[in-house]
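A.B. asks: predicted model, plus sequence, below.
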Amino acid sequence: MNIQPRKRVTIREVAEYAGVSIGAVSRVLHGRGDSIRVSETTAERIREAAKALRYQPNPIARTLRGGKTYAFAIGAPHKLEFALGGTQSYVMDRLLREGLNAGYSLSFTPDLIHAEHAAELAQGRYEGVIWLPGTFSCEGDGPLSNKIPQIGVLYDAVVSHSGRYLATTDYGPAMRQLLTEALSKGFNEIVTVIPADCSHKAWPAFLEEEMKVLCEELQITWLVDANDGRNPESTLEGVRGKRSFLLLPTDELALEWVRIAKREGMRVPEDVAIVALGSVPGSALLSPALSAIKVPFEKLCQLGIDFLVEGDTVNGEGTEHIQTWFESRETLGSRKV
């Protein structure tokens, strides 16, 4: 089978599709031609045409013309199997997509945390770095300190290298949805599992500030796993058959606990009910399908790329709060008697 490469769409074709001049397209898509005036309506029509035709700028010509590399690096944990697991794999996929949408390339560099690899970044190979969970630090004392733009895409936030939160998730409405449904199904107790080595920003900060108020309002008891996630068998046995359900901080951890429960002879959700934060694609397809508070990773990744591309013009007014929501599936069963 002879597979031909897809023909690169030209700027002329975009202009013809949008019904505008080549100069107008160049002005909107490349910022060239300062003397050309383009209305916002026309600019939007040009962007839509470029999207419809899947137009991509020529990276070599663009680099030579502007002196930019149009490349970001993704800094990940040294252990590749950890970096490519579950949520992180999905976050990486979204970053790649958003980077391509912005006309940039992204390189996955699992050894970036070492000084000899990081030094390459300061020499102009990349224009910015995106750190995945487990590697990000905003202390500013590393080999990349303040040399190029950097962000950390956490499980529930995007943080600049200066320590400023560009975006965080708001768990309040989703948590209310979850607790209200749990109450309607006969649950009167929520047990949150907070692993001792949990390193991402909050898990979540909402739990510390509003959880007590919300539980008191709905008359649900809130407990924290006394084992700090270290002994799943004991924790699962402690809630077996009771009107309690477990809330875990990631899809991966929740699915691992489902596996452990089944290994210990427990049925999910008949004996043990489990809910997660995250809800990456695929968690809804498992058996039983995972009930989860949906974290909008797509938006977090988009904001991160936008910040690196546009700098302080993005989120200049402060932190953007992104809403979450609850997706009810099979792992939250019923405890009504």
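C.D. replies: Structure received. Numbering: from 1, shown residues only.
A.B. asks: distance of residue 97 from residue 305?
C.D. replies: From residue 97 across to residue 305, the span is 9 Å (C-beta to C-beta, to the nearest Å). (Glycine included, C-beta is placed from N, CA and C.)
A.B. asks: nearest residue to the middle of this structure?
C.D. replies: residue 297 (2.9 Å; C-alpha atoms, centre = their mean).
A.B. asks: surely that one meets residue 93?
C.D. replies: No: at 9.3 Å, residue 297 does not count as touching residue 93 under the criterion of C-beta atoms under 8 Å.
A.B. asks: for residue 183, which three-state class applies?
C.D. replies: helix (DSSP: H, G, I helix; E, B strand; the rest coil).
A.B. asks: count of neighbours near the nearest residue to it once chain neighbours are set aside?
C.D. replies: Using C-beta to C-beta, 6 or more residues apart in numbering and skipping residues adjacent in sequence, the residue nearest residue 183 is residue 218, 5.7 Å away. By other C-beta atoms under 10 Å, the residues close to residue 218 number 14.
A.B. asks: one more: residue 265?
C.D. replies: 8.
A.B. asks: I'd like the distance from it to residue 309, if you could.
C.D. replies: With distances taken as C-beta to C-beta, residue 265 is found 52 Å from residue 309.
A.B. asks: also residue 29?
C.D. replies: Counting by C-beta to C-beta, the gap from residue 29 to residue 309 is 14 Å.
A.B. asks: what do you get for residue 289?
C.D. replies: Taken as C-beta to C-beta, the span from residue 289 to residue 309 is 36 Å.
A.B. asks: neighbour count: those two, which is higher?
C.D. replies: Each of residue 289 and residue 309 has its neighbours counted (other C-beta under 10 Å); residue 309 has more, 19 against 15.
A.B. asks: looks to me like the more buried one is in a strand.
C.D. replies: No: in this structure, residue 309 is helix, not part of a strand, as judged by three-state DSSP.
A.B. asks: how long is stretch 261-272 from one end to the other?
C.D. replies: 8 Å (C-alpha to C-alpha, to the nearest Å).
A.B. asks: contact partners of that stretch?
C.D. replies: 233, 236-237, 239-241, 246, 258, 274, 288, 330-334 (C-beta atoms under 8 Å, 6 or more residues apart in numbering).
A.B. asks: looking at these, which are in strands?
C.D. replies: Secondary structure from DSSP state E places 246, 274 of the contacts of stretch 261-272 in strands.
A.B. asks: and the gap between the residue nearest to the centre of the chain and residue 155?
C.D. replies: 8 Å.
A.B. asks: which neighbours do the two have in common?
C.D. replies: Residues touching both residue 297 and residue 155 (C-beta under 8 Å, 6+ apart): residue 87.
A.B. asks: how about the strands in this protein?
C.D. replies: Taking DSSP E, the strands of the chain run over residues 71-75, 105-109, 128-131, 150-153, 157-160, 165-170, 189-192, 221-224, 244-248, 273-278, 291-294, 320-323, 325-327.
A.B. asks: out of those, flag the one nearest residue 9.
C.D. replies: strand 105-109 (17.8 Å; C-beta to C-beta).
A.B. asks: which secondary element of this protein has the worst mean pLDDT?
C.D. replies: helix 80-83 (a mean of 45; mean pLDDT, DSSP states H and E).
A.B. asks: tally of neighbours for residue 170?
C.D. replies: Using other C-beta under 10 Å, residue 170 has 14 other residues around it.
A.B. asks: great, nothing more from me.
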